[in-house]
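Colleague: Based on what follows, work out the 3D shape:
(2 chains)
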Amino acid sequence: MMNKTTYRGPAACAVLLAGAMAAAGHSGATGIVGERMMGMMMLSEQIKLLAPIAERPKSGDVQKLITAAEMISMHAGSAMTDLFPEGSLDAPSEARAEIWQNWEEFVAYADRLGELGEELEESAKALAVEPKPESGEKPSTSIAEVSEWERMDFAWLMGLSAAPAFMAEPVTTREIGGASDTPQVRPVRAVYSDVSATCAACHSTFRREP
Amino acid sequence: MNRLVLLPLLAIVAAVTGTIVLENWPLPAAAKVTELQGDAKRGAYLARLSGCVTCHTAPATPPLSGGAAIASNFGSFRAPNITPDPVAGIGAWTFKQFVRAVRQGVSPRGETYYPAFPFEFYATLTDQDMADLWAAVQATPSVDKPSEGHDLRFPFNVRAAVKVWRSLFERTADYEVDASRTSEWNRGKYLVEGPAHCAACHTPRNLLGGLSSKELAGDPNMQGGGASPAITAGALTAGDYTRESLVQALRTGVTPNGDVFGGSMAEVVHGSTKFLLEQHLVDMATFLLDLGSGDASEGEKSKP
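Modeller: Numbers count the residues shown, from 1 in each chain, chains lettered A, B, ... in the order given. Okay, the predicted model is just below:
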């Protein structure tokens, strides 16, 4: 019997697929171009759904995050690149011919998106794990106790480090990752930021802008 | 006199006269600046807000070591190395020279910068802002990679001619608090019209690159190709933007319909606005969602 978690993903997929098919059909896209536009629409639905919750996810958002993460993984990697046979530029495709001139770069973006989808799922699952206070340990600093300004540092702002030092410390990952024996994961907002950055980088290189 | 002799002679006289006029065309004198103790972290924040890091850093290179080519109708510009290296960067500059360069667009050698460097928008940076930016530059690792020059067509490669452009088109940012508005709106106006320099892309330009008076009305013919949308209140609202979703878009690059910015707006988000404090994004959104709200011509859908 299908459990609740595995049931919701395909159900959401079916609903979104129906919506995406209607939307893609409405845009006049057919064939492989129509298929990939549907895929992109389904991805954008996940991105849209995540936007209001990724910054400060609550434990009640876990299932929504996991479902969206699964959908992102499902439509990334080869599932995406297979929808781009060479020269498929028929209208209303927004793809640029550079995709096939720089195919490895395009594949790298698609694979990276898949990895981030999987990482997002792990970050979401970690949200559900309650922190276990360890006896005798000094209470750790919660992210909520540190101002947004204090979480920033020179190196991160200037581009000398990939993440603020505060975010890289276990004290922070514990908040979203639970007890210290739990594998450390990045916060949902950091992974989501990378998802949108990966989409943006790919769009900048391989999509025609209006 | 023989016409074959006269015409070249006139051309030489015109060229010499033009050169003398351009060389003596006035530039703003160095304004007074107070030397203050700088805060490198705050300066780094300002460098993100103002686009210094984005423009002066090519992909996969050290911060501020020189930017990628910026395409325009006049050729391509390259932001130079501004790390503290004394030869390749700006390590030999004084603080006063740095301030004049950023706020007034005049180099230590007394030459004007091309307006691809948006100095017009940095005029409202305070002395403290400048001290902080200077501290941030000093704290950035030196890189000895020489700057790559601009690649411009004649006559646009005649730098002195930019002085004439400045006399005709320069619109230095100005800021006055509007006491009838909230502090959020006022800060948003300062950020949007000043250091964030939104108008550099979102306000239409004339053939010579001068900004029109249609503030943030969108540029259908951007210098690098493509078009930028209007980001006035009517256009943003028609594009389903709310204050919350506009803040999200500036933070993540995700639009209200789930699309993700590409092109130069992706660079702006991932190189600049995603680093900003929530309050400053709220301020910018507050101002933009009010901009031109009384204008009946507003309403064209925006997809920044």
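Colleague: What distance do you get for B:Arg181 to A:Gly114?
Modeller: To A:Gly114, B:Arg181 is 47 Å away according to C-beta to C-beta, to the nearest Å. Placement of C-beta: from N, CA and C, glycine included.
Colleague: More neighbours: which of the two?
Modeller: Neighbours of B:Arg181 and A:Gly114, each counted by other C-beta atoms under 10 Å in any protein chain shown, are more numerous for A:Gly114; the result is 18 against 15.
Colleague: Packing partners of the strand or helix carrying the more buried one?
Modeller: Remark: A:Gly114 resides in helix A:103-127, with elements defined by DSSP states H and E. In terms of contacts (3 or more C-beta pairs under 8 Å, 6 or more residues apart in numbering or on different chains; DSSP states H and E), helix A:103-127 is packed against helix A:62-74, helix A:78-81, helix A:170-177, helix A:188-206.
Colleague: That helix relative to helix A:62-74, how many degrees between them?
Modeller: 160 degrees (axes from the mean of the first three to the mean of the last three C-alpha atoms, to 10 degrees).
Colleague: Show me how far helix A:103-127 is from its chain's centre.
Modeller: Relative to the chain's own centre, helix A:103-127 is displaced by 7 Å; criterion: C-alpha atoms, centre = their mean, to the nearest Å.
Colleague: ok, now stretch B:42-57?
Modeller: Between the mean C-alpha position of stretch B:42-57 and that of its chain there is a distance of 11 Å (C-alpha atoms, centre = their mean).
Colleague: Tell me the spacing between A:Arg186 and B:Phe154.
Modeller: Noted for A:Arg186: a distance of 51 Å to B:Phe154, by C-beta to C-beta.
Colleague: Neighbour count: the two, which is higher?
Modeller: In this comparison of A:Arg186 against B:Phe154, neighbours counted by other C-beta under 10 Å, the higher total goes to A:Arg186 at 23 against 7.
Colleague: nearest spatial neighbour of that one, skipping sequence neighbours?
Modeller: Spatial nearest neighbour of A:Arg186, chain neighbours left out: A:Ser123 (5.9 Å); criterion: C-beta to C-beta, 6 or more residues apart in numbering or on different chains.
Colleague: so that neighbour touches A:Ser193, yeah?
Modeller: No. Contact criterion C-beta atoms under 8 Å: A:Ser123 and A:Ser193 do not qualify, at 11.6 Å.
Colleague: Who has more neighbours out of the two?
Modeller: The neighbour count for A:Ser123 versus A:Ser193, taken as other C-beta under 10 Å, is higher for A:Ser123 (27 against 22).
Colleague: Compute the distance between that one and A:Ala190, please.
Modeller: According to C-beta to C-beta, A:Ser123 and A:Ala190 sit 8 Å apart.
Colleague: try B:Ser264
Modeller: Spatial separation of B:Ser264 from A:Ala190 under the definition C-beta to C-beta is 24 Å.
Colleague: Tell me how far the nearest residue to B:Ala92 once chain neighbours are set aside lies from chain A.
Modeller: Counting by C-beta to C-beta, 6+ apart, B:Pro86 is the residue found nearest to B:Ala92 once chain neighbours are left out, at 4.6 Å. With distances taken as C-beta to the nearest C-beta, to the nearest Å, B:Pro86 is found 20 Å from chain A.
Colleague: What's the local residue count around the closest residue to B:Lys274 other than its chain neighbours?
Modeller: Among residues not flanking B:Lys274 along the chain, B:Arg251 sits closest, at 5.6 Å (C-beta to C-beta, 6+ apart). For B:Arg251, the neighbour count with other C-beta under 10 Å is 22.
Colleague: How about B:Asn24?
Modeller: B:Asn24 is surrounded by 9 other residues when neighbours are defined as other C-beta under 10 Å.
Colleague: So which bits of chain B are right by chain A?
Modeller: In this structure, chain B approaches chain A at residues B:40-41, B:44-45, B:47-48, B:53, B:57, B:63-64, B:136, B:139-141, B:226-227, B:244-245, B:248, B:251-254, B:256-263, B:266-267, B:269-270, B:274-275, B:277-278, B:303, judged by C-beta under 8 Å from any C-beta of the partner chain.
Colleague: Just the buried residues of those residues.
Modeller: Buried members of those, scored by 16 or more other C-beta atoms under 10 Å in any protein chain shown, are B:40-41, B:44-45, B:47-48, B:53, B:57, B:63-64, B:136, B:139-140, B:226, B:245, B:248, B:251-254, B:256, B:258-263, B:266-267, B:269-270, B:274-275, B:303.
Colleague: got the end-to-end distance for stretch B:175-184?
Modeller: Between the opening and closing residues of stretch B:175-184 we find a distance of 14 Å, counting by C-alpha to C-alpha, to the nearest Å.
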